[in-house]
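Q: Whatever this is, show me its structure:
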Amino acid sequence: MKDIITMYEIWEEFVNNNNLNSKIDVLVSRSWNRCLNKKLSYNRAPDGFILTQNKLRERLDQNALLIRASRAVVPGIRRFLKNADYTLLLCDPEGYVLTAYCNNSFSNLVNKVQLAPGANWSEKNKGTNAIGTALIEDVPLRVLGAEHFIKENHAISCWASPIKDRRGDTIGVLDISGKFSGKRNPIIKSHRISDLVLLGAASISNNLYLLRLQENFRYCSKDLQLISKLLNQQHIAFDNEGRITDFTDTAVKSLSLKKSDLTGKHLMEILAPASGHFSIAMPNTSHIKDQPSEPFISSLHGLIRNLEIVADQLNLSPNPWSDKPTNSGTWIGSGALSQKVLKLASKAALSNFPIILQGASGTGKELIARYIHDHSFRRHGPFIALNCAALPPNLIESELFGYVEGSFTGAKRGGKPGKFELANQGTIFLDEIGDMPLDAQVAILRALQEKEVARIGDIKTIKIDVRIVAATHQNLQELIQQKLFRQDLYYRLGVITIHLPNLSERKEDIRELVHYFTRQACYDMGKPTMEVNEDIFPYFYGHDWPGNVRELENCIANMVAMTEGERLTVNDLPVTIKNKQGKPKLFDENNKLLMQFKKNAIIEALKQSKGKIAPASRILGISRTSLYRKIRELEIDPHQTK
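A: Below you'll find the model as predicted:
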């Protein structure tokens, strides 16, 4: 215990008398001096440096690629540390903890010193520590026990290494923190932990580089697809003076000319006789002055060949970490009511009529609006969403129709296009249309009738081709009776009306939704995919879900964020659900209806995986062993699902 006493005495001498012992590590001594100059308290860290859930989610979104890059590294480090009291942290460049993986035996100390997602471990907030000091010194380091400037952190030891990108910029920190016991022979030697954190940071850096290559490759692939389509169509490239510079083979064949007859000729000289067979698009050069003429499209064949070489050399799979749900942003549910909604939406998508989506908050109205857009002939156009209830009445018309410069106080220089203008050739989704002021309703009615809009402060009109999908949780017929909604607008919008069921009406979808939201939450928080205990589902089936699917999503996100285990159990349920008096008999574990729900979910997963067990188990969020057992119990034949 001599070393511990000595280090504590060195720290005590410094904070009380400002005497710095020469035995102390130079990085730690520099950090102590910085803390002293900043007048940090040496007893405890200041309060208030924990992010709210919303702010934390923003940080997770901003660092999504870094978190993805860490996923392949985390399991190996956790296996190495499985018998020790340690937590593994991934932090952003400002010292905020993004993800934390903690052994249960260490969780009490972790909570006490705030080694948790959302906590800020920069040196200015937490004093000398491996994360914050590594960020300032830009080197890997360890800080053991009383080397921490703040006394409440003396109970821990930490090892950290900055994570660098290819330019050498610090993009995050990997940290391993553990309980400081002072034993001469700890379970894992300090130098081995230092090696482990260095190796982990380097691996994350390499993974991040590969992910960014993949991102660039995807963009190249999209360009390749576009260019391939262009080559199969009749396209002619020309410079700013109208001189032909390049062309596709199909264009040459259509004109029954030789290539030598086209190059360098003026566009109108060639196309005038065939103007009925071509549409001519001039490049927009109004913003270019005193620049040499450049071709609109050039060297298409060479570009395609270059992209093919890049694709062949990279040989990257689309996504080496497949934790993210593949059906992200889509309607989840294979029950009868869900299928009915999707069938109606599919039929509606084939038309060009306005649509009203009627449903309570949280039922998924925007998801269905996007589904309709994605399955319509407008799917290549924009999808623009606007929540009418989120805007003050005096701003809604400027959001819908835009404005010109100087039209009102605070108007942006150069003006601003409205949502209708931005949605041209696509779909505009007007959520909570029942909350729209009557003046704005009149303007929308006029836009529907005339198929044109005018920006506020402008006399010119702009032609638009937009499909409206409106949504509301209110009874529009009652609003019409109360003179709060225009009847003529209702008949204009409500050519097709689709009613969305509450979650309480489609409880057969709960199992799919729970597994989907669990995978999504684990992905968002950088955690390995968790399994869900079967004994949770009776509570889910027995709850009324007044907030519908959104309430279930938030419930699962809360459970994933707060659990200390590697699977979700009844103990992780929110109090409002867990303490509900009695489980409804209808959803007892032995009930036939629940068994049917299970059977339907397994059959659907097997259909999606073409009868393969491993992919089906991942869809359901359970192990292969559990799936085999349930298949036997429920007498399901996997071969019939292929």
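Q: So what's the residue count around residue 624?
A: Per other Cβ atoms under 10 Å, the neighbour tally for residue 624 reads 12. Yep, even glycine has a C-beta here, placed from its N, CA and C like the rest.
Q: for it, phi and psi?
A: Reported as degrees, to the nearest 10, the phi and psi values for residue 624 are phi -60, psi -40.
Q: What residues does the closest residue in space to it that isn't next to it in sequence make contact with?
A: Computed as Cβ to Cβ, 6 or more residues apart in numbering, the closest residue to residue 624 that is not its neighbour in sequence is residue 617, at 4.7 Å. With contact taken as Cβ atoms under 8 Å, 6 or more residues apart in numbering, residue 617 is in contact with 605, 623-624, 626-627.
Q: confidence score at residue 617?
A: pLDDT for residue 617: 78.
Q: Validate this expectation: it resides in a strand.
A: No. Under DSSP: H, G, I helix; E, B strand; the rest coil, residue 617 sits outside any strand and is assigned helix.
Q: residue ranges for the helices of the stretch 251-400 of the chain, please.
A: 267-271, 300-314, 336-349, 365-374, 393-401 (DSSP state H, counting those that start in this stretch).
Q: Sorry, wrong one. I was asking about the stretch 51-200 of the chain.
A: For the stretch 51-200 of the chain, the helices defined by DSSP H, counting those that start in this stretch occupy 53-62, 64-71, 74-80, 107-113, 123-126, 130-137, 190-231.
Q: Of those, which stretch is the most buried?
A: The highest mean neighbour count among those, using mean count of other Cβ atoms under 10 Å, belongs to helix 130-137: a mean of 25.
Q: about what we covered before: where among the helices of the stretch 251-400 of the chain is the average confidence lowest?
A: Mean pLDDT is lowest for helix 300-314 out of the helices of the stretch 251-400 of the chain, coming in at a mean of 39.
Q: hang on, the earlier thing: state the distance from the residue nearest to residue 624 to residue 378.
A: Separation of residue 617 from residue 378 (Cβ to Cβ, to the nearest Å): 38 Å.
Q: for residue 564, same thing?
A: Computed as Cβ to Cβ, the residue 564 to residue 378 distance reads 48 Å.
Q: And what about residue 559, helix, strand or coil?
A: helix.
Q: which residue sits closest to it in space, ignoring its chain neighbours?
A: Nearest non-adjacent residue to residue 559, counting by Cβ to Cβ, 6+ apart: residue 572, 4.4 Å away.
Q: for residue 615, same thing?
A: Per Cβ to Cβ, 6+ apart, closest to residue 615 is residue 609, 3.7 Å.
Q: picking up where we left off before, so for residue 481, which of the helices of the stretch 51-200 of the chain sits nearest?
A: With Cβ to Cβ as the criterion, residue 481 lies closest to helix 53-62 of the helices of the stretch 51-200 of the chain, at 38.5 Å.
Q: counting contacts, what elements does that closest one pack onto?
A: helix 510-525 (3 or more Cβ pairs under 8 Å, 6 or more residues apart in numbering; DSSP states H and E).
Q: what comes up buried for the helix it packs on?
A: Using 16 or more other Cβ atoms under 10 Å as the test for burial, helix 510-525 gives 510-525.
Q: before we move on, what about stretch 406-415?
A: 407, 411, 415.
Q: which residues of the stretch 1-150 of the chain fall in strands?
A: Using DSSP state E, counting those that start in this stretch, the strands assigned to the stretch 1-150 of the chain run over residues 86-91, 97-102, 141-144.
Q: Deepest in the core, which of those is it.
A: strand 86-91 (a mean of 26).
Q: residues in contact with that strand?
A: With contacts defined as Cβ under 8 Å, 6+ apart, strand 86-91 is touched by 66-67, 70, 74, 77-78, 81, 97-103, 106, 110, 115, 121, 131, 172-178, 188, 204, 526.
Q: orientation of it relative to helix 130-137 in degrees?
A: Inter-element angle recorded for strand 86-91 and helix 130-137: 40 degrees (by axes from the mean of the first three to the mean of the last three Cα atoms, to 10 degrees).
Q: Roughly how far does the residue nearest to residue 62 when sequence neighbours are not counted sit from residue 118?
A: If the residues on either side of it in the chain are set aside, residue 62 comes closest to residue 92, at 7.5 Å by Cβ to Cβ, 6+ apart. Using Cβ to Cβ, residue 92 is found at 11 Å from residue 118.
Q: Quickly list what's touching both of those two.
A: Residues touching both residue 92 and residue 118 by Cβ under 8 Å, 6+ apart: residue 59.
Q: and residue 141, what does it touch?
A: The contact partners of residue 141, taken as Cβ under 8 Å, 6+ apart, are 27, 130, 133-134, 159-160.
Q: Nearest to residue 499 among those?
A: residue 160 (54.4 Å).
Q: count of residues packed around the closest one?
A: 29.
Q: Check the one 5 residues further on too.
A: The criterion is other Cβ under 10 Å. On that basis, residue 165 has 14 neighbouring residues.
Q: pLDDT at it, what is it?
A: On pLDDT, residue 165 comes in at 86.
Q: for it, what are its contacts?
A: Residue 165 neighbours (Cβ under 8 Å, 6+ apart): 171, 205, 208-209.
Q: let's go with 7 Å and repeat that
A: 171, 205, 208 (Cβ atoms under 7 Å, 6 or more residues apart in numbering).
Q: Now render these as CSV, adding distance to residue 492 and pLDDT.
A: What follows is the contacts of residue 165, written out as CSV (distance: Cβ to Cβ, whole Å; pLDDT from 0 to 100):
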residue, distance to residue 492, pLDDT
171, 51, 94
205, 56, 89
208, 51, 86
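Q: From those residues, pick the one nearest residue 539.
A: Nearest member of the contacts of residue 165 to residue 539, counting by Cβ to Cβ, is residue 208, at 39.5 Å.
Q: burial measure for the closest residue to residue 335 other than its chain neighbours, as a count.
A: Leaving out its chain neighbours, the residue that sits closest to residue 335 by Cβ to Cβ, 6+ apart is residue 508, at 3.7 Å. Per other Cβ under 10 Å, the neighbour tally for residue 508 reads 20.
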